[in-house]
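Peer 1: model this:
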Amino acid sequence: MPDNRNVARPPLGVLLREWRAARRLSQLDLALAADVSARHLSCIETGKARPGREALARVAAVLEMPLRERNALWLAAGYAPECPEHALATPALERMRQAVELILAHQEPYPAFVLDRQWNVLMANDAATRVNRLLMDGRESRHGNLLHQVFDPADFRGVIVNWPEVAEKFLHHLHAQIAAAPTDPLPRRLLDSVSAYPDVPALGRVHAGGPLDPVLTLVFRHREGELRFFETITTFSMPRDVTLEELRVECAFPADEYTAQVCRRLAVGRRPAP
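Peer 2: Take a look at the predicted model:
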């Protein structure tokens with residue numbers, strides 16, 4: 001588990017005020033919901049009092065803080081972090097890693113991949129590799145980060161037919177990350193980095209013509225025909241490890257029969273029919 005105790009971070013009171021503001025809670029609202037006296041909470045925020053672990057845990061629960069941010073809260077209060085953070089490859093997460101590998105294997109012949117909180121691609125099944133190589137004409141991606149793959153004009157962005165819609169989808173995800181953890185600088189840095197690419201749409205500016213599909217379909221161009229996928233996201237239920245809470249498995253499913261046929265043919269080593 002990483003030792004973050006020497007990393008500079010805001011005082012406890014500042015963290016609590018920022019989280020209250022993000023959740024639009026007054027001191028009284030938070031105190032009542034967390035079963036803490038309003039006076040005691042005020043003293044905590046001004047640095048005049050130190051909360052006990054149980055009170056701090058109740059406050060964190062009411063604020064719906066992710067595990068990583070709860071650890072930062074414990075450290076700011078002078079306690080050791082409560083939630084472990086193991087690398088996915090460690091023995092402690094062996095069973096969970098096996099579950100992820102099972103999902104990837106069962107998704108064949110359709111793509112699936114695993115992302116961390118930074119949108120780095122940690123794992124992918126063979127179908128993801130096959131489809132990517134088909135769409136990129138055998139070229140490797142310039143990035144190991146999904147956001148940069150999608151937003152970089154020299155990368156995967158070039159084969160996405162409905163790129164403005166797809167880009168807006170990812171921007172919504174980043175804004176949701178910021179809202180979920182307002183004191184975490186990472187999603188803001190990611191948003192700034194992808195916004196620096198050319199022609200990135202503003203949120204709410206993309207309008208699809210005609211009736212909307214039930215879910216967003218990702219449409220990819222290729223000389224042998226367009227491939228269409230929709231995606232699902234799998235996360236762990238009630239994780240107690242930082243890595244597991246931030247891990248997600250994205251599975252792509254064919255949105256039409258042609259796409260399904262292409263994936264099946266690629267799986268047996270045959271090129272799709274023109």
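
Peer 1: and the gap between the residue nearest the centre of the chain and residue 74?
Peer 2: The centroid of the chain falls nearest to residue 117 when counting by Cα atoms, centre = their mean (4.7 Å). As for residue 117, its distance to residue 74 is 19 Å (criterion: Cβ to Cβ, to the nearest Å). For glycine as for every other residue, the C-beta is placed from the backbone atoms N, C-alpha and C.

Peer 1: repeat for residue 114
Peer 2: Taken as Cβ to Cβ, the span from residue 114 to residue 74 is 28 Å.

Peer 1: Which one's more surrounded, those two?
Peer 2: residue 114 (21 against 18; other Cβ atoms under 10 Å).

Peer 1: The more buried one falls within a helix, correct?
Peer 2: No - Residue 114: not assigned to a helix; according to DSSP: H, G, I helix; E, B strand; the rest coil it is strand.

Peer 1: List the beta-bridge partners for it.
Peer 2: Taking DSSP bridges as the rule, residue 114 bridges to residue 123, residue 249.

Peer 1: Was I right to think it contacts residue 248?
Peer 2: Yes - using Cβ atoms under 8 Å, residue 114 is in contact with residue 248, at 7.3 Å.

Peer 1: Just the residues contacting stretch 149-164, thanks.
Peer 2: Contacts of stretch 149-164 from elsewhere in the structure, counted by Cβ atoms under 8 Å, 6 or more residues apart in numbering, are 132, 135-136, 141-143, 148, 166-167, 170, 194, 197-198, 200-201, 206, 217-222, 226.

Peer 1: what do you get if the cut-off is 7 Å, keeping everything else the same?
Peer 2: By Cβ atoms under 7 Å, 6 or more residues apart in numbering, the residues outside stretch 149-164 that reach it are 135-136, 141-143, 148, 166-167, 170, 194, 197-198, 200-201, 206, 218-222, 226.

Peer 1: what's the answer for stretch 238-255, then?
Peer 2: Applying Cβ under 7 Å, 6+ apart, the set of residues contacting stretch 238-255 from outside is 66-68, 71, 83-88, 93, 96, 100, 103, 107, 110-117, 217, 228-236, 260, 263.

Peer 1: at 6 Å instead, please
Peer 2: For stretch 238-255, the surrounding residues in contact (Cβ atoms under 6 Å, 6 or more residues apart in numbering) are 67-68, 83-86, 88, 103, 107, 110-117, 217, 228-236, 260.

Peer 1: Quick check: buried residues in the helix or strand containing residue 165?
Peer 2: If you go by DSSP states H and E, residue 165 is part of helix 163-180. With burial defined by 16 or more other Cβ atoms under 10 Å, the residues of helix 163-180 counted as buried are 163, 165-168, 170-171, 173-174, 177-178.

Peer 1: thinking again about what came up before, list the residues that contact the residue nearest to the centre of the chain.
Peer 2: residue 246.

Peer 1: what's the distance between it and residue 47?
Peer 2: Relative to residue 47, residue 117 is positioned 30 Å away (Cβ to Cβ).

Peer 1: Residue 203 too?
Peer 2: Distance, residue 203 to residue 47, using Cβ to Cβ: 37 Å.

Peer 1: where does the chain dip in pLDDT?
Peer 2: 1-9, 205-212, 270-274 (pLDDT under 70).

Peer 1: what about 50?
Peer 2: The chain contains residues with pLDDT under 50 at 1-6.

Peer 1: What are the boundaries of the helices in it?
Peer 2: For the chain, the helices defined by DSSP state H cover 12-23, 27-34, 38-45, 53-62, 67-76, 94-106, 126-135, 146-151, 163-180, 186-195, 242-246, 257-267.
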